[in-house]
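Asker: Structure of the sequence below:
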Amino acid sequence: MNHKIMVFIPMYNCENQIARVIKKISENSFLFYEILAIDNRSQDETINRCAEAMQEIKNAKCTIIKNTENFNLGGSHKTAFLYALENKLDYLVVTHGDDQGDINNLIPLIKEDVHKKYDCLLGARFHKESKLVNYSMVRIIANKVFNILYSLVARKRLQDLGSGLNLYDVNFLKSKFFLTFPNNLLFNYYVLLYSCDVDCNFIYFPLTWVEEDQVSNANLMNIGFTALRIIFSYTFNRKKFLNMPIDTNYNYSYEVMYSGPAKD
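Answerer: Below is the predicted model:
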């Protein structure tokens, strides 16, 4: 390929799943220039398990970095976005360290160069062709209700507010708009609403989504209230919402824990 695609894997206490994630990526690692895993101060053996799995990948650069503090999920995304910009990469794939979404759902689109036609490709758990395994009916209904609410205020049909398995054209990130958004678990909700407001060119693709041995850190009630606050802020004070000040208290610094060979 004549462009550089990086895969970003956010990790937090996923020692039991991370090797599976790396194995799925390795099956098509020739497509990628670099695989970047960002550990958010895990308390288990996640980094070691990831490094062991990465040693099996021969045709892509592999890097593990550890945040200097727990920046939460949104903060890890910001670190990855800044890394992609600083290293002049072309595309950024975001996947999961706990093996919920399957990167293989995205691979055919990359092979067919579909990503070159859009600013973003967004994974959708609730696409008509998606497959959900062990996903509770309560969460399905709640997500679909929020999809409808957000679609109404964004004036665009939204099939998922933040599955977390996406592909971005790095050019879309150049303004660093994402630095104004909170670092919480709903970081992708902010990015999606921004994308709608600036008329970003994106499409959804179906996912296979599995919940088996994953341990969620999310409080569903808190997420629900936060999602309502986000939509309220966007609806009634859109200008302020899209131009929040950058939190200068954060310095998205990290240390390199593992670095494999660069791709030929």
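
Asker: Could you tell me how many residues sit around the residue found closest to Leu158 once you drop the neighbours it is linked to in the chain?
Answerer: Nearest-residue entry for Leu158: Ser151, 4.6 Å, with adjacent residues in sequence omitted and distances by C-beta to C-beta, 6 or more residues apart in numbering. From N, CA and C alone the C-beta is placed, and that goes for glycine too. Other residues near Ser151 come to 15 when the count uses other C-beta atoms under 10 Å.

Asker: Surely Ser151 touches Asp160?
Answerer: No. Ser151 lies out of contact with Asp160 (C-beta atoms under 8 Å); the separation is 10.9 Å.

Asker: now Arg155, nearest residue through space, not along the chain?
Answerer: Closest to Arg155 by C-beta to C-beta, 6+ apart is Cys196, at 7.3 Å.

Asker: buried ones in the helix or strand the one you found falls within?
Answerer: Cys196 belongs to helix 187-197 when assigned by DSSP states H and E. Buried residues in helix 187-197, counted by 16 or more other C-beta atoms under 10 Å: Phe187, Asn188, Tyr189, Tyr190, Val191, Leu192, Leu193, Tyr194, Ser195, Cys196.

Asker: Put together CSV for those, with distance to Ala80 and pLDDT on each row.
Answerer: Shown next, in CSV, are the buried residues of helix 187-197 (distance: C-beta to C-beta, whole Å; pLDDT from 0 to 100):
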residue, distance to Ala80, pLDDT
Phe187, 11, 96
Asn188, 13, 96
Tyr189, 17, 97
Tyr190, 16, 96
Val191, 12, 97
Leu192, 17, 97
Leu193, 20, 96
Tyr194, 17, 96
Ser195, 17, 96
Cys196, 22, 95
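
Asker: Closest one of the residues you listed to Arg238?
Answerer: Checking the buried residues of helix 187-197 against Arg238 with C-beta to C-beta, the nearest one is Leu193 at 8.8 Å.

Asker: does the closest one really touch Ser151, like I thought?
Answerer: No. With contact defined as C-beta under 8 Å, Leu193 and Ser151 do not form a contacting pair (11.0 Å).

Asker: got the contact list for Glu56?
Answerer: Ile22, Lys23, Ser26 (C-beta atoms under 8 Å, 6 or more residues apart in numbering).
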